[in-house]
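> Fold the following and give me the result.
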Amino acid sequence: MIAGAAGLEFSYWHVIPTVRSGQYVTPYRTLIGHIERPLGHVHFSEAHYGVYVNPLRRAALAPFADHTAPTVRSLQVAHADRFVAKTDVSGSIGLVAGVADTTPLLVRKPWQDMPVMPAVVRWRIVGVTRWNVAADFRQTIPLPSAFGGFYARRTSQNHAGRCGRYRIYLARGWDSTTVRNGTYSVEVVAADTRGNSTRFPDVAARTNGLRLR
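Predicted coordinates:
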């Protein structure tokens with residue numbers, strides 16, 4: 001960990017340090033360490049007074065450019081802890097989106113072509129709900145204890161040679177009986193910190209509940 005002014009801290013994980021505790025370092029000049037073998041990668045983090053912030057947020061780490069757009073790969077409906085067909089939905093349901101982003105820079109083996117998490121995920125049921133934010137990591141990330149409120153089952157992190165999966169809860173416990181029976185379109189938007197985004201249209205659940213009340 002390297003400490004700066006005003007509570008600023010930079011951490012590098014999986015690094016064998018070449019500096020001693022308490023040593024002053026100079027940006028772009030001091031060699032702080034070597035990547036630990038056989039891990040072959042580094043975790044970099046930035047914190048302000050102990051609160052982690054997104055180092056790729058605007059006006060932060062530079063120079064940085066990203067022209068790749070995230071993707072929304074899937075939309076699923078969960079009912080009573082199991083996934084059901086989108087054509088036959090009733091009662092209290094959850095909506096789960098599979099999302100991914102790509103790194104704008106080349107990543108070396110065995111971590112090449114691995115997905116990363118989009119910074120923002122929004123969704124709506126057209127004509128029923130307003131736009132809702134399922135996740136917004138542009139400034140910071142949730143505490144580990146809160147991950148279960150964002151990531152759905154079958155979410156996994158990247159491992160060397162094996163891609164992870166990012167599955168985000170759009171809604172949990174949404175009552176489909178509050179709208180008339182019919183077919184509705186669900187839209188999901190995934191975006192990064194530079195505003196690149198993808199909108200995913202889908203024909204969602206045929207509800208079997210009561211009229212709008």
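> mind giving me the domain split of this structure?
With domains defined by automatic domain parsing, the chain comprises 2-53, 71-206.
> looking at these, which is closest to residue 63?
For residue 63, the closest of the domains of the chain is domain 71-206, at 11.5 Å, according to Cβ to Cβ. Where you see a C-beta, it was placed from the backbone N, CA and C, and this is true even at glycine.
> Just give me how far the closest one sits from the chain centre.
Put simply, domain 71-206 sits 9 Å off its chain's centre (Cα atoms, centre = their mean, to the nearest Å).
> Excluding chain neighbours, give the residue nearest to the residue nearest the centre of the chain in space.
Per Cα atoms, centre = their mean, the C-alpha nearest to the average position across the chain is that of residue 117, at 3.5 Å. Of all residues not flanking residue 117 in the chain, residue 166 sits nearest, at 5.1 Å (Cβ to Cβ, 6 or more residues apart in numbering).
> Just the CA atoms of the helix or strand where that neighbour lies, as PDB, please.
Using DSSP states H and E, residue 166 falls within strand 166-175. Extracted in PDB, the C-alpha atoms of strand 166-175 (Å, rounded to 0.1, in the frame of the first residue of the first chain):
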ATOM      1  CA  TYR A 166     -21.700 -11.500 -14.100                       C
ATOM      2  CA  ARG A 167     -25.400 -11.900 -13.300                       C
ATOM      3  CA  ILE A 168     -27.100  -8.900 -11.900                       C
ATOM      4  CA  TYR A 169     -30.400  -8.700 -10.100                       C
ATOM      5  CA  LEU A 170     -32.600  -6.100 -11.900                       C
ATOM      6  CA  ALA A 171     -35.500  -6.700  -9.500                       C
ATOM      7  CA  ARG A 172     -36.200  -9.000  -6.600                       C
ATOM      8  CA  GLY A 173     -39.800  -9.600  -5.500                       C
ATOM      9  CA  TRP A 174     -41.500  -7.600  -8.300                       C
ATOM     10  CA  ASP A 175     -45.200  -8.300  -8.100                       C
END
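> continuing past it, what's the next helix or strand?
Downstream of strand 166-175, the first helix or strand assigned by DSSP H and E is strand 183-191.
> what does that following strand contact?
Outside strand 183-191, the residues that touch it by Cβ atoms under 8 Å, 6 or more residues apart in numbering are 70-72, 75, 95, 97, 99, 101, 118-128, 170, 197-207.
> Provide the strand pairings for that strand, with the direction of each partner.
strand 120-125 (antiparallel), strand 197-206 (antiparallel) (DSSP bridges).
> any idea which of those scores lowest on pLDDT?
Least confident of these, judged by mean pLDDT, is strand 197-206 with a mean of 74.
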